[in-house]
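K.L.:
here is the input, now give the coordinates:
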Amino acid sequence: MARVFHGRMDLHWCMKCRAPLIRGGDCPACKERSREVAHTPPGDIRPAFPHDLAEIGDLADEQWGRGAGAALLGAASPVVLNPCPAPDRLDEIIIDGEVIGSISFSNHRSRSSLILRMGGGSRLVSSGFIPSRGTVTVDRSVVPFLLDGKNLLSPGIISANEGIFPGDEVLVLDPDGRIVSSGNARKDSSRMVGTRGMGVKIRWSIDPEETPAVIRDEAEYGSSEKKRWDDLWDGVVRINSRHLEAKVRRSLKFLHELEKSTPFPIAISFSGGKDSLATLYLALEAGLRPPVMFVDTGLEFPETVVHVHELISELGLELVEGAPVSGFFENLPRFGPPGRDFRWCCKICKLGPTTALIRNRFPEGVLALIGQRRFESDRREQKGAVWDNPWVPLQKGASPVQDWTALDVWLYIFSRKAPYNPLYEKGFPRIGCWLCPSCDMAEADLVRQTGVDTSGWVSFLKREREEGGFPEEWLTHGFHRFKKMPPHMTRLAEELGIDPGSLSGGRRRGSDESDIDLVKGINDCEDGISREGTIGRSVPWERLKELLNILGKVEEDPETGGVSIHPPDWSMKRRALELYPDGTLVIRGRNVHELGHRTKQLVSVIQRSTGCMGCSICVSRCSHGALSTDQKAGVVRLDPGVCQHCSACLGPCPAEVFVNDPFNV
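P.N.:
Residues are numbered from 1 along each chain as shown. A predicted model of the protein is given here:
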């Protein structure tokens, strides 16, 4: 996956104070020169909470034997995690200024594992800890080849611990027990020695003669010692206080200038997450006492709802709440499971209620302070710190934490002793709807460990799987989160021995009529401005595919059976229109006007596909000869090879005369 950049984010570490720094240069506490930490961009680094540390320790014990977690983590240095771009969870683990490895979730194996780099391997084996699992020992003559980037072949292996299986993460040791490499096992233990072929796919290697010294701790980390963790991070806050307070002063100045310049009342858009919490506390420090807007989507974690009510009550602020009129489960049979590329739930459960809340509470308009940060996505980086929101009428958005990193936010929260959502201490990196299709499978696994009642959702998916004829993996491996499978999910299907084509389709959505049913509201999600909906069951699929050429080049997906349309004037990477045999559809536009225009064109084509009477009025409008009248069938035909997709044929048509278009954007 390509690297992602949302601006410069350098993490530095004071090796003397053993603390992360939010700015480079000399350490503000001891004046020693800090070390820049090499990590994967964008580098939106967060603290590892006790839950995260316990997970790392447990995984280490599971992979290399009891005591491995304590040897790996130590006790006296804070640990931070860096989420990396990946198909599922991949968090780099940073201790003492070095990425020692990663927590990786494998959707194929449905579990997490530790992938250690040489810094992690050195910490593990140089502490006196002797791994009882997950290691292979090589002949000394093999070491130069591993250092040269070669993979480990079985003839060079002297021994291997029992219990190694293909796909396991292993450490490679020399005959003296020193770390040489880490990698991925290609054979089980019984076949590692005395056979031919690759034994371990090598990731990283280090010369055992040059292994750096590892800072050891007097005490070993204990996951239950919350006070020790609090003390460590209080120390990090103190060391970074000068740089942190400078950042706070800039945000307060930003808020003061906003207050002077805006003609609208100011409110906080509060989700219950860390970024909106920091935004709220900054507003209070700026002397504001804003009302707090919270939309309960009906899919919030119970902990989030309780946290929001308790916090706002404690602060003595006004809480303005919104909720969907017609919720997620009421619309689920109508639109089917939401997906990363079919996020109808955002419009119904979040956008619609937000729009209604603002219209009712702030009829003249509102300046909403929103905890948005540019490190979260490309679109948020491009927006800037103040933006107009054409998709939520009457709202202007502004973010005082636009240029803050996740570590900045957390240090600010710790410094103000602000009560944060308890879900962060249960391993959740973000707070949102518990079944959001944008969540990865690692988060879905966390949800199952909470008290959320998922029975209705699980029952629906099971019925959907049975009625759609999908394999069991459609549900267990999260294939239901996509209309069109991205490459990594297609590869996963192939690895599981599943035909990717068997994972799409399903029962037909939409009403028994030939109409189009669109989700009310639009949203600027990662895929661009979009609307989702369904077409009625009476719409003839093959006839519709033929006429869709009017709008642009039609490409059929052999896996899903769906079609995507790329109009001549469309330059975005994603297709302007996507329709699927189950009746679901996605319409995209670069702005509200274009989205409305695209919607009306699609409605027109659908109505022609079902109501064409062969009058040939449209044939006379086509200057390219792509349309002709089929006298026998009594309809107009379109030749895709001749059609120029100019849409000139779309005009007054008897199939549309008596149809009112209710879908104004």
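K.L.:
which residues does stretch 541-551 contact?
P.N.:
The contact list for stretch 541-551 (C-beta atoms under 8 Å, 6 or more residues apart in numbering) reads 535, 554, 556, 563, 565, 567, 576-577, 579, 581, 598, 601-602, 605-606, 608-610, 626, 635, 637-638, 640, 643, 645, 647, 649-650. Where you see a C-beta, it was placed from the backbone N, CA and C, and this is true even at glycine.
K.L.:
repeat the analysis, applying 7 Å as the threshold.
P.N.:
Stretch 541-551 is contacted from outside by 554, 563, 565, 567, 577, 581, 601, 605-606, 608-609, 638, 640, 643, 645, 647, 649-650, using C-beta atoms under 7 Å, 6 or more residues apart in numbering.
K.L.:
identify those among those that sit within strands.
P.N.:
554, 563, 565, 577, 638 (DSSP state E).
K.L.:
please, where are all the strands along the stretch 101-250 of the chain?
P.N.:
111-116, 135-138, 152-153, 157-160, 169-173, 179-185, 198-205 (DSSP state E, counting those that start in this stretch).
K.L.:
show me where the stretch 301-450 of the chain has helices.
P.N.:
302-315, 328-335, 344-346, 352-361, 378-383, 406-415, 441-447 (DSSP state H, counting those that start in this stretch).
K.L.:
doesn't L548 fall inside a helix?
P.N.:
Yes: per DSSP: H, G, I helix; E, B strand; the rest coil, L548 lies within a helix segment.
K.L.:
nearest residue to G384 in space, please, no chain neighbours.
P.N.:
Closest residue to G384 apart from its sequence neighbours, by C-beta to C-beta, 6 or more residues apart in numbering: Q402 at 7.1 Å.
K.L.:
give me the distance between the one you found and L282.
P.N.:
Distance, Q402 to L282, by C-beta to C-beta, to the nearest Å: 12 Å.
K.L.:
likewise for S205?
P.N.:
The separation that S205 has from L282, given C-beta to C-beta, amounts to 47 Å.
K.L.:
try C14
P.N.:
26 Å.
K.L.:
L73 now?
P.N.:
Distance from L73 to L282, by C-beta to C-beta: 33 Å.
K.L.:
still on that earlier bit, would TSV of the ones in strands among the contacts of stretch 541-551 with neighbour count be doable?
P.N.:
Below are the ones in strands among the contacts of stretch 541-551 laid out as TSV (neighbours: other C-beta atoms under 10 Å):
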residue	neighbour count
V554	21
V563	21
I565	25
L577	23
L638	22
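K.L.:
tell me which two in those residues are the farthest apart.
P.N.:
L577 and L638 (16.1 Å; C-beta to C-beta).
K.L.:
for the stretch 1-150 of the chain, what spans make up the helices?
P.N.:
50-64, 68-73, 118-125, 143-147.
K.L.:
quick one: closest of those to F264.
P.N.:
helix 50-64 (40.2 Å).
K.L.:
check which residues of the closest one are buried.
P.N.:
For helix 50-64, the neighbour count (16 or more other C-beta atoms under 10 Å) marks 50, 52-57, 59-64 as buried.
K.L.:
with pLDDT and distance to C84 added, can I get these in TSV?
P.N.:
Formatted as TSV, the buried residues of helix 50-64 follow (pLDDT from 0 to 100; distance: C-beta to C-beta, whole Å):
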residue	pLDDT	distance to C84
P50	93	22
D52	95	15
L53	94	19
A54	93	21
E55	95	17
I56	96	16
G57	95	21
L59	97	17
A60	96	20
D61	96	24
E62	97	22
Q63	97	20
W64	97	23
